[in-house]
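Colleague: Compute the structure for the input listed below.
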Amino acid sequence: MTAHDARLHAFRSDLADSRLKGEVSAERFVAGRPARISASVADIRKAPRADAGVNTQALFGDDVLVFEDAEGWAWIQAERDGYVGYVAATELGGREHAPTHIVSVPRTFLYPGPDLRFPITGQLSMGSTVTVRGAAETRGTHYAVLPSGEAIIAGHLRPIAEIAADYVAVAETFLGTPYLWGGASGFGIDCSGLVQLAMRMAGKNVLRDSDMQAASIGEPLEPGPDYAGLRRGDLVFWKGHVAVMTDAETMIHANGHTMLVSREGLKDAIARIGYLYGGPTGFRRP
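Modeller: From the prediction side, this is the model:
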């Protein structure tokens, strides 16, 4: 990361965040307009084009600042992790309701009312935040009711203030989830997205990309001979990749080898990855 990494600071030659005035050069500085992600998952792209690469994703309920809205694209910064990029303007809404709950399972559905037999109106990922305005029960199933009248299975939510005790246990709920470059949701996720989302559910907000995580999460760790000093929750980094130790010998990671979130022995992974990308570049203990 650099002092003004463009992934984490909103600045271009023609336009920049007013908070950066005096630190970067731009033709014009503006204050960000508060908005909130209204799509189930919003791709945050490198450029304002549908064919531009996806750097990361924002989830339903994520708060953002909008610096530009032009030709159907909004240039935004996510408030939770500071990531900057472009989203479709149609995926933004206002902040009319304060979120009260967060989705605590990998994936769940939205129904037009409190009945699981209704055709769904949408789907949400773990980490999505919603406002619960009521409760209902139908045939013994309990629902949380949103201001829109839509309903979610109540057991798939928890109050925002509650956090998971073990971020690794959260990561393990994603086993079998498809790998997706830039993915940050229960519908598809990449290696650093898995770390970020799992840690968020355990009450720790961390940066998005693996190089950022390798420079900022916890403390550097020297695993010792034969990696014997590693334990559950430690992070292993390669160039462009990160994995989470589930015990002293096994790790979980979203990876392009299986194209899934999967378990793998650490030594097996080191041998497999090494011929293409070299050995681990570092270890950290959150």
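Colleague: When you work out contacts or count neighbours from here on, use the C-alpha atoms and nothing else.
Modeller: Noted.
Colleague: Quick one: the helices in the stretch 51-200 of the chain, in order.
Modeller: For the stretch 51-200 of the chain, helices defined by DSSP state H, counting those that start in this stretch occupy the ranges 167-172, 191-201.
Colleague: Output the contacting helices and strands for the first one.
Modeller: Counting contacts by 3 or more CA pairs under 8 Å, 6 or more residues apart in numbering; DSSP states H and E, the secondary-structure elements packed against helix 167-172 are helix 191-201.
Colleague: and what of the last one?
Modeller: Under the contact criterion of 3+ CA pairs under 8 Å, 6+ apart, the helices and strands touching helix 191-201 comprise helix 167-172, strand 184-185, helix 210-216, strand 241-245, strand 250-255.
Colleague: which residues touch residue 246?
Modeller: Taking CA atoms under 8 Å, 6 or more residues apart in numbering as the criterion, residue 246 is in contact with 168, 231-233, 252.
Colleague: Who wins on neighbours among these?
Modeller: Per-residue neighbour counts (other CA atoms under 10 Å) across those peak at residue 252, which has 26 neighbours.
Colleague: Can you tell me the closest non-neighbouring residue to that one?
Modeller: Sequence neighbours aside, residue 263 is the residue nearest to residue 252 in space, at 4.4 Å (criterion: CA to CA, 6 or more residues apart in numbering).
Colleague: How about the contacts made by that neighbour?
Modeller: Taking CA under 8 Å, 6+ apart as the criterion, residue 263 is in contact with 175, 250-253.
Colleague: how close does it sit to residue 156?
Modeller: Separation of residue 263 from residue 156 (CA to CA, to the nearest Å) stands at 25 Å.
Colleague: what do you get for residue 239?
Modeller: 35 Å.
Colleague: Then residue 113?
Modeller: Separation of residue 113 from residue 156 (CA to CA) stands at 16 Å.
Colleague: what's the answer for residue 90, then?
Modeller: Taking CA to CA, one finds residue 90 at 27 Å from residue 156.
Colleague: okay, and the helix or strand of this structure with the least pLDDT?
Modeller: Between all helices and strands in the chain, the lowest mean by mean pLDDT, DSSP states H and E belongs to helix 266-277, at a mean of 93.
Colleague: Which strands border the following helix or strand past that helix, and is each parallel or antiparallel?
Modeller: If you walk from helix 266-277 toward the C-terminus, the next helix or strand you reach (DSSP states H and E) is strand 282-285. With DSSP bridges as the criterion, the sheet partners recorded for strand 282-285 are strand 219-220 (antiparallel), strand 235-238 (antiparallel).
Colleague: Other residues contacting strand 282-285?
Modeller: 214, 217-223, 233-238.
Colleague: neighbours around residue 275, how many?
Modeller: Residues near residue 275, counting by other CA under 10 Å, number 9.
Colleague: List the residue ranges of the protein that fall below the pLDDT cut-off.
Modeller: 1-2 (pLDDT under 70).
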